[in-house]
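S.K.: Sharing a sequence plus its predicted fold:
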Amino acid sequence: MDSYPVLMHTAIDATDCRGLAEFYRQFLGLRYRPGDEMPADGSDDDPDWLVLLDAEGRRVFAFQQVPTLARPTWPKHDVSKQMHHDFRVPTVEELQRQRKRAEELGAILLYDRTDDADEPLYVLADPAGHPFCILVGAE
């Protein structure tokens with residue numbers, strides 16, 4: 001029987017590890033792995049590695065603190081996006097709702113392709129500048 005590696009999580013570099021983790025935690029409804037939660041007293045614990053889990057306890061994202069990071073300039077290619085995430089929603093109404101939520105959490109709109117009847121989508125940048133897409137699509 002063949003054996004294959006299993007994806008643990010996607011690790012994302014960040015100059016504000018906690019801030020970027022909080023964006024994705026709130027936007028995707030994730031939770032911190034035990035020990036990575038925000039300190040109860042609200043103090044900035046200055047983490048250098050945080051992991052977010054889904055509702056079943058599976059790793060989704062990890063965030064690694066780095067001293068500097070060039071912000072992607074997509075759609076220009078001066079600083080490439082290097083990678084991006086695609087998030088699927090079932091309807092155009094949900095697409096619009098999730099865009100608003102993302103912007104309320106600190107994302108900015110980079111591209112609006114909601115006039116595409118086959119695959120309406122938004123490209124946004126998270127607070128660190130990493131582009132991501134929200135699109136209407138099937139599984």
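M.R.: It's in. Here the structure is a predicted model, which means the values were calculated and not measured.

S.K.: Can you pull out the low-pLDDT segments for this protein?
M.R.: The chain contains residues with pLDDT under 70 at 3, 5, 44-45, 139.

S.K.: Tell me how it divides into domains.
M.R.: Structural domains assigned to the chain are 10-65, 85-136, following automatic domain parsing.

S.K.: out of those, which comes closest to R71?
M.R.: Nearest of these to R71, taken as C-beta to C-beta: domain 85-136 at 3.6 Å. (Glycine included, C-beta is placed from N, CA and C.)

S.K.: name the element the residue nearest the centre of the chain belongs to?
M.R.: The chain has Y24 as the residue nearest its centroid, 4.8 Å off, counting by C-alpha atoms, centre = their mean. Take DSSP states H and E as the rule and Y24 turns out to sit in helix 17-28.

S.K.: Dump the domains of the chain to TSV, plus distance to Y4.
M.R.: Listed next are those as TSV, based on distance: least, C-beta to C-beta, whole Å:
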stretch	distance to Y4
domain 10-65	17
domain 85-136	22
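
S.K.: For P75, which of these is the nearest?
M.R.: With C-beta to C-beta as the criterion, P75 lies closest to domain 85-136 of the domains of the chain, at 6.7 Å.
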